[in-house]
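Undergrad: Sequence and predicted structure are below.
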Amino acid sequence: MKVQTTGVCVTFGEATPALNDVSLSIGEQEQVALIGPSGSGKSTLLRVLSMALAPSAGSLLCDDVDPWQLRTARLQRLRSRMHLCPQTSSLPARQRVALAVLSGLLPTRSLLFALRSLVSPSRADVNLVHGLLTRLDVDQHLWRPVETLSGGQRQRVAIARAMAAEVDTLFADEPLSALDPSNADACLSTLCQHASAHRQTLVCSLHQVDLARKHLQRVIGLRQGAVLFDCAAAELSDAMVDDLYRGHEAELEAELEA
Amino acid sequence: MTRSRFVTAATRCLSLCRPSASRRRGLLRASLLLLAGLGIHSMQVQADGEFRISAIPDEAPTELIRKFEPLADYLSAALEMDVSFVPVTDYAATVEALVSEQIDMAWLGGFTYVQAAQRSDGKVEPIVQRAEDERFQSVFITQTDSPIQSIADLKGVNFTFGSPSSTSGHLMPRHYLTQEGINVDDDLSVAFSGAHDATAFAVAGGRVDAGALNIKVWEKLVNEQKVDTGKLRVFYTTPEYHDYNWTIRSGLSEELRQKLIDAFVSLDMADPEQKAILDLQRATRFVPSQASYYDGIRKAAIEAQLLAKP
Amino acid sequence: MTCTVAMKPNSKPNSKPDTPPASVSLRDPDRAGRVWVSSGVLLLLLVSLAGSQFNPAVLFAPDSLSSAADFFDTFWPPRTDVDFLQRLFEASVVTVSIATVATVLAMIVATPLAIAITSRLSLSARGRAMKTPARLARGSLRGVLLFLRSVPELIWALLFVGVTGLGATAGIMGLLITNIGILAKNYAEIIESGEAAVTGHLLDNGNGRCKTLLHATVPQCLPELLSYSIYRWECTLRTSVVLGFVGAGGLGQELLISIRQLASPEVFSIILVFVLLVCLADAISNSLRRQLRPATAGSAAEWNVALRAEGADIAVHTEAAAGNRGRGKLRTVLPRWGQLCLVLVAVLACFQAVDWQLEQWLRPSSFARSREFIQGFFPPDLSAGLWRRLLGDALETLSMAFAGTALASLVAIALSYLLFTVNLRGAGLFMRFFASTLHLLQIVLRSVPELVWAMLLIIVAGIGPFTGTLALFLASVGVLSRLYSECLDNQDEAPLENLLANGSPLALAPMWSTLMQARSQLISYSLYRWEHNLRAATLMGIVGAGGVGQELYLRLSVFQFDKVAACVVVIVVLVALADNISHFLRHRYAPTV
């Protein structure tokens, strides 16, 4: 899916807007990293792009359609073409991992699937889920309730759910925040490969600048709700990163130390 | 008078508390006194010397009040004391009330009289009954199109009695069922509708296959067209037995007892006012009653295992 | 010294070394269990539907419809003449008084009992296992309390009619005895839910029980204890309506009389007044309880746990939702001491309004009769014929309770799910109308006790267990749908929002998130309700609506107390069984609380 914003602003009733005049365009099958210090508006931008939040001003075009002009049913159908993997775990705590991953398929599958999976998922679906979990190294937890998993394991399950979704665009909000560096590297690599293989657009907000550089094609730097830079990953210089994190150096250092 | 004496006693009792009573204890004492006073207050209301009559609730309570209030007025004049009618919602409770002397006289069925006699060790006494009560009957009813033709056909059906304490709605029908070879507990699926009219309505509604009720109530329902005789039919009528009577509690003076009997027996159809009272009782006249009339019922109750052997 | 700690496999998901090499079975391990449990439940439902002679066709038979029409046609307009309303007002005062008096007296009696049974204040248990005599004493006291609360209020009251005669005292004694059992148990649970270290510290430092009680337990638990008592008052008020059976006076008696004479306009007025009274009590109790609520969030959670311990009717839980909203509305009008005085005066007024029948109690013959009455129960009748019948009745009672609860749970889950998705969609005018109608229906359904529903339904559905089942079903739909709705509303919204943001259909998304989260809590609500319904089902026979109550009422009517004792034994066994099964299932399958 091609996503385009023009002059998007989002205010949550505070004086400073969460997003301020963001205009950008993300083409099909592009793989984009959103970086920036905490509170720079990464999550808000992802929510706007994934149609979870209507912009206060400006417009959003998804495949040249403004989703907020559509009727609810059409909007919901459009939403089913993309998947947002939110930062905080949004997996029902008492759901089993297998079902949590399958819920990525809920928008595109039939009512029958929805009902029978609640009782017990079909063999084919379980195979699919197991394959994804194996790639993320959490397959041994297939039948455990989500609430028994650690934060990092939950995050990987959430990534698996995003990968399970039959969509053409993936949005991931800090999908690696609770993972240790080696796991983070592997998971991001898996996610990017999966997106390429399925010809999906991928937009991913990240704290780890070096991982962004390593795995994604394009990097957008957000600072105080505005786009500071938007360049190919190869062009990202240390000076640009320092600029982005000015006043938030501690965050960057913590990241590097880790 | 009583109250003040009690309050003094209560105060004396409380003054045994330690002398270092705090203000809080003072409050406590005040509220205890208040409570004590209130208790006495309600006691005095209860202790008024009036003659209280009641009746088993074999009909709707308003019907009972309508039926018994004119009688209470008549008795009040005859006894020269206040007579009040106390409505009660439960058969067994009427018995208990009479036995425990909460009421002075009650209109009881044969079975409830037998119960009251047993529970009071024979101290309650039946004084009068209607002439009609000497020959009472129950009817068994079913739906017109039902295959039930006789008691023998009742095996395995749903059957409803009235109230468990009713003579004509439970005990005697059960007795005659047993006489005809039906084991009520095993051969029938039994329910209790609670009242005679409720039995008729339950059978008419088809919720049970058959039921037994008081013949007088049945006749009344038919005469007042409360039941559709196109839908219901009587398939069995019991032999005659003694039923209702007026029973007085133990410990009433002989003078009062005689006055009561005279008041009932002297009710006369010729007097229009008294005729109205008799009509409400569905009676032509009252006749003296005696305990031995109910031996049959007592025997039936013991046989049906609804009464312990004396 | 080495210490071995048993650890469940996989209990430490984070530690890498013990994660097994990827060899997880792809077979759903829960599938077989689920199939067995669901088919078991289904089978049980079918059996109990058969056992309760469930036949909805009866409702639509022309005869039923016409007798119902006769009764309900005249429902509107309700009777509103001044005389009648005044009578209802006086009856309401009596009802409130009886409930208040019974609750206050039960509080007074239950407090020492609760202190006696709680292990928190056991001296012998400090630092070692409790000594056998102490454990036996506590255990047997708990057994007695279980017995007290197992027998429904109405049955206690009917028994007391034999001692005190008709009237308010029998009613009060009925409410009082059951309340003592319930209050003492839950007081003890509340005391035990408090921080163990606080009481333990005082006891370990050599303080006696009384000092510990006053300085640790009371300051710790007083608000909860009071709040629970107020809630219990509300429940007692609701229950007290059935005591009209023993001539306890009040709205219950008016209602029973009116139903018996099929005076439908009066029935309707009385039910309206009663529903209003229950709502008023609900509001007063909520307002008082909100002020008692601890301020910190952490203790608020414990708070609800403690209150949810109540098995009979767990509407308490509303409090969690009500939260701080409108907290202390009353406080702005009246200072705290003013409220205290108000409550005190109200309680005293209630004590006065009750007809104590003192002359009845104080007469020497009453004591003799009580003794004779109690002796009549021993030994209980053990004849095979009676017990065979009682076994059948017990099975019928179980069927009624299970069928009523299961069907009500299904309907309630459908209703509350519907309501939940409707609210998600945003409130259109029609939907808002739908929601408020449903809310009103819930209030009416749950305000009127099951036994009164049964009396009304007998007019339509006739004598038999089907009527009883239907009555349990109706009341339970009211209670369960409200609890379910609140439970769904209180779940974490993030998973649902995420599913919706990803384009999941509105009708299905809550099923995969909210319902999934709430599942075990919903099940435990249904189990609580089943317990409650079993108790209620034992009464249905009194009005001819099936179950073990019929035999009990028959034997009470004919004064065969040894047979009554057998019935009471059956009831106590049934209720205790349900208590334990429900407790086991709630902890086994729904470890949420």
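TA: Okay, I see it.

Undergrad: Specify the next element, helix or strand, located C-terminal of the strand or helix carrying C:Asp70.
TA: For C:Asp70, the element it lies in under DSSP states H and E is helix C:62-73. The element immediately downstream of helix C:62-73 (helix or strand, assigned by DSSP H and E) is helix C:82-117.

Undergrad: Show me what counts as buried in that next one.
TA: By neighbour count with 16 or more other Cβ atoms under 10 Å in any protein chain shown, helix C:82-117 contains the buried residues C:84, C:88, C:91-107, C:110, C:113-117. No exception for glycine: its C-beta is placed from N, CA and C like everyone else's.

Undergrad: Which helix or strand in chain C has the lowest average pLDDT?
TA: One helix or strand of chain C scores below all others by mean pLDDT, DSSP states H and E: helix C:318-322, with a mean of 38.

Undergrad: burial measure for the residue in the stretch 51-200 of chain B positioned nearest to chain A, as a count.
TA: Going by Cβ to the nearest Cβ, chain A is nearest to B:Ser189 of the stretch 51-200 of chain B, at 39.8 Å. Counted with other Cβ atoms under 10 Å in any protein chain shown, residues neighbouring B:Ser189 total 14.

Undergrad: in what helix or strand does B:Arg233 lie?
TA: strand B:232-237.

Undergrad: what's that strand in contact with?
TA: Strand B:232-237 is contacted by residues B:137-144, B:148-151, B:176, B:200, B:203-204, B:210, B:215, B:218 when judged by Cβ atoms under 8 Å, 6 or more residues apart in numbering or on different chains.

Undergrad: partner strands of it, parallel or antiparallel?
TA: strand B:138-143 (antiparallel) (DSSP bridges).

Undergrad: pLDDT of the partner strand, averaged?
TA: Across strand B:138-143, pLDDT averages out at 94.

Undergrad: what's in contact with it?
TA: B:148, B:151, B:168-169, B:172-173, B:176, B:199-200, B:203-204, B:206, B:209-215, B:218, B:231-238.

Undergrad: Show me how to select, in ChimeraX, the buried members of those residues.
TA: Those of the contacts of strand B:138-143 that count as buried under 16+ other Cβ under 10 Å are selected in ChimeraX with:
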select /B:148,151,168,169,172,173,176,199,200,203,204,206,209,210,211,212,213,214,215,218,232,233,235,236,238
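
Undergrad: Filter the contacts of strand B:138-143 down to just the ones in helices.
TA: B:Met172, B:Pro173, B:Tyr176, B:Thr199, B:Ala200, B:Val203, B:Ala204, B:Ile215, B:Trp218 (DSSP state H).

Undergrad: So the first one sits against B:Ile215, correct?
TA: So the one you mean is B:Met172. No: B:Met172 is not in contact with B:Ile215 according to Cβ atoms under 8 Å; the separation is 10.7 Å.

Undergrad: So which residues of chain A form helices?
TA: Going by DSSP H, chain A shows helices at A:42-49, A:72-79, A:97-102, A:111-119, A:123-135, A:151-164, A:181-197, A:209-215, A:238-244, A:249-257.

Undergrad: Just the buried positions in stretch A:165-183, please.
TA: So, applying 16+ other Cβ under 10 Å, buried residues of stretch A:165-183: A:165, A:167-179, A:183.

Undergrad: Regarding stretch C:538-552, how distant is the last residue from the first?
TA: 9 Å (Cα to Cα, to the nearest Å).

Undergrad: Same question for stretch C:551-569: list its buried residues.
TA: C:551-569.

Undergrad: actually stretch C:479-493, sorry about that
TA: C:Val479, C:Leu480, C:Ser481, C:Arg482, C:Leu483, C:Tyr484, C:Ser485, C:Glu486, C:Cys487, C:Leu488, C:Gln491.

Undergrad: out of those residues, who's nearest A:Val227?
TA: C:Gln491 (37.0 Å; Cβ to Cβ).

Undergrad: In contact with the closest one, which residues?
TA: So C:Gln491 contacts C:Ser513, C:Thr514, C:Gln517, C:Ala518 (Cβ under 8 Å, 6+ apart).

Undergrad: Pass me the low-pLDDT residue ranges in the stretch 151-258 of chain A, would you?
TA: A:253-258 (pLDDT under 70).

Undergrad: In chain C, which residue sits closest to chain B?
TA: Closest point on chain C to chain B, by Cβ to the nearest Cβ, is C:Gly462, at 2.6 Å.

Undergrad: List the contacts of the closest residue to that residue other than its chain neighbours.
TA: In this structure, C:Gly462 finds its nearest non-sequential neighbour in B:Arg207, 2.6 Å apart by Cβ to Cβ, 6 or more residues apart in numbering or on different chains. Counting by Cβ under 8 Å, 6+ apart, B:Arg207 makes contact with B:Asn158, C:Val58, C:Ser64, C:Ala461, C:Gly462, C:Ile463, C:Gly464.

Undergrad: I appreciate the help and will end here.
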